[in-house]
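Student: Provided below for reference: sequence and predicted model.
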Amino acid sequence: MAKDPKPEQDAALRAALGHLLNLTGFLTLSIAALLAYVVLFTQPKPWMSAWWARITATETENPTPDGPPTETPNPAIWTAPSVDGESDAAKRKQLRYGKDLIAHTSKYFGPAGTIEKNRTNGLNCQNCHLDAGTTYFGNNYAAVAATYPKFRARSGGIENVYKRVNDCIERSLNGRALDTASEEMQAMVAYIQFVGRGVPKGKAPEGSGIKKLPLLNRPADPNRGKIVYEAQCQSCHQADGRGLIAQGAAEFTYPPLWGALSYNDGAGLYRLSNFAGYVKYNMPQGARHDAPILTDEEAWDVAAYVNSQPRPKKDIRADWPDISSKPFDHPFGPFADGFSAKQHKFGPFGPIKAKLAALNAQK
Ligand code: HEC
Ligand code: HEC
């Protein structure tokens, strides 16, 4: 019987296979090393910085970015003229008085006011119109001189600047309107007109008023907003929302966000979109339009929380005589669009906006 040659053949095959495996292993390793070298040291690697940015990002922003992260400076950006540059001495004095009334309203008309006590609440105009109404997207007065008198749907009539100032006095300052001819009203309006001088008639310049926030596709949530409030707001505005005032002072260090001395429910800030837009780009103090601190969601949720707290009421039955012109986030009925008061207060606002647009297109 011939000897079975298999064992020798097997051994030779195994040896050959072993060599082959060693070789492919070596080749694979070399190719991998080469690739790694090319990728790491010779290729542009935008994915790396993107990946790094993603894993180190602290913000959990919803997918509605605020535009390019680095805004290129715009030479056409609106800036307010300086009151000190006014050459007429009498006019300059009036403008300075108007500016001071806006910056320190409470000193003159607040609970300890020198002209009249309790004509207004604890707020200064400047608490909401930052730097006496001159901050870019800080609810400034850039558009006022150029766009008033104008029709306003809230009152259903033409409003001049006096009427608009008294609107804020009666609502944001929860106070009593000033006589148009009074020295104080004259000075404030002169100042507001001065701030917006040179703005082309009929146009609201870029950066005026409050910057709009993209809408959420869910209702704003007061419970989530409470968490934001505790983390980002209460150190200044206090746990009870009533602000902080030094003993004997005539104005607040940190103004009240709710309670008897804050704005009433007929005020502009009581609408969620105004509050969220103001806060996103100006609060916590130090935030700016080009360096916000809160995410959009946090801004909407904290708006829902603050505007669910107790505050003075205003009789607004005469507001919005044409109910189809009520804004989507005006929370008091009757409504032309069929949505509930609750949805008008917290959203989601997209469907309301769409319905209102359709209704008004039929007019
Ligand atoms: C609690 C915040 C708050 C305070 C305080 C406040 N305002 Fe306002 N003001 C607003 C908001 C919000 C708007 C914008 C409302 C809107 O767009 O519906 C506004 C609008 C205005 C406008 C119209 C701006 C424009 O471009 O149409 C003028 C003028 C104005 N305020 C003057 C004043 C003056 C003067 C004072 C003080 C006497 C004052 N406001 C106090 C919140 C406030
Ligand atoms: C570091 C202190 C500080 C923090 C934190 C802070 N604020 Fe303010 N806030 C201020 C000051 C000061 C003003 C008045 C600004 C002025 O007069 O220049 C103000 C004004 C306001 C106003 C307008 C005036 C009023 O009383 O209604 C609102 C609304 C507001 N803050 C909301 C918030 C919210 C919401 C947060 C948290 C997300 C917050 N702030 C965090 C200091 C702070």
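Tutor: Thanks, I have the structure now. Ligands and ions are numbered 1, 2, ... in the order given.

Student: ok, which stretches of the stretch 1-150 of the chain are helices?
Tutor: Ranges of helices in the stretch 1-150 of the chain, per DSSP state H, counting those that start in this stretch, are 6-37, 46-56, 89-103, 105-109, 125-128, 130-133, 144-147.

Student: lowest average confidence across those, which one?
Tutor: Here the lowest mean pLDDT among those goes to helix 46-56, at a mean of 53.

Student: and the spatially most central residue of the chain, helix, strand or coil?
Tutor: Compute the mean C-alpha point of the chain, and by Cα atoms, centre = their mean the closest residue is residue 277, 2.4 Å away. Assigned by DSSP: H, G, I helix; E, B strand; the rest coil, the conformation of residue 277 is helix.

Student: how much space between it and residue 116?
Tutor: Going from residue 277 to residue 116 by Cβ to Cβ, to the nearest Å gives 32 Å. Backbone N, C-alpha and C define where each C-beta goes, glycine included.

Student: now do residue 195
Tutor: In this view, residue 195 and residue 116 are 25 Å apart by Cβ to Cβ.

Student: the two: which has the busier surroundings?
Tutor: residue 195 (26 against 14; other Cβ atoms under 10 Å).

Student: dump the residue contacts of the more buried one.
Tutor: The contact partners of residue 195, by Cβ atoms under 8 Å, 6 or more residues apart in numbering, come to 80-81, 132-134, 140-142, 144-145.

Student: at 7 Å instead, please
Tutor: Residues near residue 195 by Cβ atoms under 7 Å, 6 or more residues apart in numbering: 80, 133-134, 141.

Student: kindly report the same for residue 209.
Tutor: Contacts of residue 209 by Cβ under 7 Å, 6+ apart are 139-140, 143.

Student: how about these in a markdown table, adding pLDDT?
Tutor: Shown next, in a markdown table, are the contacts of residue 209 (pLDDT from 0 to 100):
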| residue | pLDDT |
| --- | --- |
| 139 | 98 |
| 140 | 98 |
| 143 | 97 |
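
Student: out of the residues you listed, list just those in strands.
Tutor: Among the contacts of residue 209, the subset assigned to strands under DSSP state E is empty.

Student: what distance separates stretch 161-178 from the centre of its chain?
Tutor: 23 Å (Cα atoms, centre = their mean, to the nearest Å).

Student: circling back to that earlier point, any figure for the gap between the closest residue to the residue nearest to the centre of the chain other than its chain neighbours and residue 193?
Tutor: Residue nearest to residue 277 in three dimensions, not counting chain neighbours: residue 210, with 4.3 Å by Cβ to Cβ, 6 or more residues apart in numbering. In this view, residue 210 and residue 193 are 20 Å apart by Cβ to Cβ.

Student: ok, the nearest residue to residue 232 once chain neighbours are set aside - how many residues close by?
Tutor: Spatial nearest neighbour of residue 232, chain neighbours left out: residue 284 (5.2 Å); criterion: Cβ to Cβ, 6+ apart. The local packing of residue 284 (other Cβ under 10 Å) involves 14 other residues.

Student: so who does residue 284 touch?
Tutor: 232-233, 293.

Student: from the residues you listed, which is closest to ligand 1?
Tutor: Distance to ligand 1 across these (Cβ to the nearest ligand atom) is lowest for residue 233, with 14.8 Å.

Student: tell me who's in contact with that closest one.
Tutor: 284, 302.

Student: tell me the phi and psi of it?
Tutor: Dihedral pair for residue 233: phi -130, psi -40, per degrees, to the nearest 10.

Student: now do it, the pLDDT please.
Tutor: pLDDT for residue 233: 98.

Student: kindly report the same for residue 310.
Tutor: So, for residue 310, pLDDT stands at 98.

Student: renumber starting at 804 from here on
Tutor: Okay, using 804 as the starting number, the last item reads as residue 1113.

Student: that one: neighbour count?
Tutor: When neighbours are counted by other Cβ under 10 Å, residue 1113 comes out with 11.

Student: for it, which non-adjacent residue is spatially closest?
Tutor: Using Cβ to Cβ, 6+ apart, the closest residue to residue 1113 is residue 1061 (6.1 Å).

Student: my read is that that neighbour contacts residue 1044, right?
Tutor: Yes - contact criterion Cβ atoms under 7 Å: residue 1061 and residue 1044 qualify, at 4.2 Å.

Student: now the common contact residues for these two.
Tutor: 1109, 1112.

Student: leaving out chain neighbours, which residue sits closest to residue 952?
Tutor: That would be residue 963: by Cβ to Cβ, 6+ apart, it lies 4.3 Å from residue 952.

Student: that neighbour contacts residue 950, doesn't it?
Tutor: No - contact criterion Cβ under 7 Å: residue 963 and residue 950 do not qualify, at 11.1 Å.

Student: of those two, give the one with the bigger neighbour count.
Tutor: Remark: of residue 963 and residue 950, residue 950 carries more neighbours, 17 against 12, as counted by other Cβ under 10 Å.

Student: where does the residue nearest to that one when sequence neighbours are not counted fall, phi/psi-wise?
Tutor: Distance criterion Cβ to Cβ, 6+ apart; nearest residue to residue 950, sequence neighbours excluded, is residue 1007 at 6.0 Å. Backbone geometry at residue 1007, expressed as degrees, to the nearest 10, gives phi -90, psi 120.

Student: measure residue 1007 to residue 897 for me?
Tutor: From residue 1007 to residue 897 the distance is 25 Å (Cβ to Cβ).

Student: which one's more surrounded, those two?
Tutor: Neighbour totals were compared for residue 1007 and residue 897, and residue 897 leads with 20 against 15 (other Cβ under 10 Å).
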